[in-house]
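Participant: Turn this into a model:
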Amino acid sequence: MRKAPAESRGFLLRGFDQTRGSVSVLVRPSIAADIPGIAAIYGHAVLYGAASFEIDQPSVAEMTRRRDAILAGGYPYLVAERAGAVAGYAYAAAYRTRPAYRFTVEDSVYVAPEAQGKGVGQALLAALIQACEARDFRLMVAVIGDRASLGSIRLHEKLGFVPVGVLEPVGYKHGRWLASVLMQRPLGPGGSLPPADQPAEA
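Facilitator: Predicted structure coming up:
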């Protein structure tokens with residue numbers, strides 16, 4: 001299991017504040033009490049959107065199991081608080097399970113409908129990037145459901161992601177075919193240096 005170094009844990013414990021207008025957004029590590037709010041946000045995305053290719057809304061128990069698995073793997077799982085409520089969440093997970101992929105992560109960012117356009121997604125993704133860099137991950141991949149997800153595409157562009165491809169037609173939901181937009185961003189030194197625990201080639 002990959003653990004965050006002390007400085008990363010300190011950053012996460014302090015949180016990440018961003019003020020948009022008169023309401024502050026606090027990004028912090030998720031706790032068990034956040035899961036009902038997380039499940040509600042994700043459930044809305046599943047039922048009414050194309051960001052997730054799931055069809056059926058997962059239960060709170062299933063969302064708990066998924067979060068536990070992500071944390072057990074040493075990945076960050078964050079929430080955004082706005083006006084005292086969970087306004088969004090973000091996490092990183094393994095991009096692929098084969099060992100050579102272990103320095104690459106895939107991000108997920110979900111924001112409550114009423115909190116969209118208020119800086120929540122940007123605060124979450126910025127904090128997630130920092131948390132992953134502190135763990136010596138080297139590449140973050142975004143798999144964005146649907147070409148029409150312009151808000152998500154622009155958010156990732158703003159945080160330094162570049163488009164690298166489109167898969168289509170790769171999903172079918174809400175009576176139509178969907179594409180997946182692929183974007184990526186280097187973390188820390190990216191591929192310019194070997195990982196800290198790996199020797200460079202002779």
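Participant: give me the number of residues near Gly191?
Facilitator: A total of 9 residues lie near Gly191 under the criterion other C-beta atoms under 10 Å. The C-beta positions use only the backbone N, C-alpha and C, and glycine is treated the same way.
Participant: actually Gly88, sorry about that
Facilitator: 26.
Participant: Grab the nearest non-local neighbour of Leu178.
Facilitator: Among residues not flanking Leu178 along the chain, Gly171 sits closest, at 4.1 Å (C-beta to C-beta, 6 or more residues apart in numbering).
Participant: was I right about the one you found contacting Trp177?
Facilitator: Yes. With contact defined as C-beta atoms under 8 Å, Gly171 counts as touching Trp177 (7.2 Å).
Participant: neighbour-wise, which of these two wins?
Facilitator: Legend: neighbour count by other C-beta under 10 Å for Gly171 and Trp177, higher for Gly171 (17 against 11).
Participant: Within the sheet, what are the partner strands of the helix or strand containing that one, with directions?
Facilitator: In the assignment (DSSP states H and E), Gly171 maps to strand 162-173. Strands that pair with strand 162-173, judged by DSSP bridges, come out as strand 176-186 (antiparallel).
Participant: Pull out the buried positions in the partner strand.
Facilitator: Buried residues in strand 176-186, counting neighbours by 16 or more other C-beta atoms under 10 Å, are found at 178-181, 183-186.
Participant: need the next SSE after whichever strand or helix holds Ala69, C-terminal direction.
Facilitator: In this assignment (DSSP H and E), Ala69 forms part of helix 60-72. The first helix or strand that comes after helix 60-72 along the chain, using DSSP H and E, is strand 77-82.
Participant: list the helices and strands that next one packs on?
Facilitator: The contact analysis (3 or more C-beta pairs under 8 Å, 6 or more residues apart in numbering; DSSP states H and E) places strand 77-82 against strand 23-29, helix 60-72, strand 85-94, helix 120-134.
Participant: Mind giving me the packing neighbours of the second one?
Facilitator: I take that to be helix 60-72. Using 3+ C-beta pairs under 8 Å, 6+ apart, helix 60-72 is in contact with helix 35-48, strand 77-82, strand 85-94.
Participant: Reformat those as TSV; add distance to Arg65 and mean pLDDT.
Facilitator: Shown next, in TSV, are the helices and strands packed on helix 60-72 (distance: least, C-beta to C-beta, whole Å; pLDDT from 0 to 100):
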stretch	distance to Arg65	mean pLDDT
helix 35-48	10	99
strand 77-82	13	98
strand 85-94	13	98
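Participant: Let me know which of these is tucked in deepest.
Facilitator: Neighbour counts (mean count of other C-beta atoms under 10 Å) averaged over each of the helices and strands packed on helix 60-72 peak at strand 77-82, with a mean of 24.
Participant: partners of that one, with directions?
Facilitator: Partners of strand 77-82 in its sheet, by DSSP bridges: strand 23-29 (antiparallel), strand 85-94 (antiparallel).
Participant: so for stretch 96-107, what's the average pLDDT?
Facilitator: Stretch 96-107 carries an average pLDDT of 98.
Participant: Ignore what I typed, I meant stretch 158-167.
Facilitator: If you average the pLDDT over stretch 158-167, you get 98.
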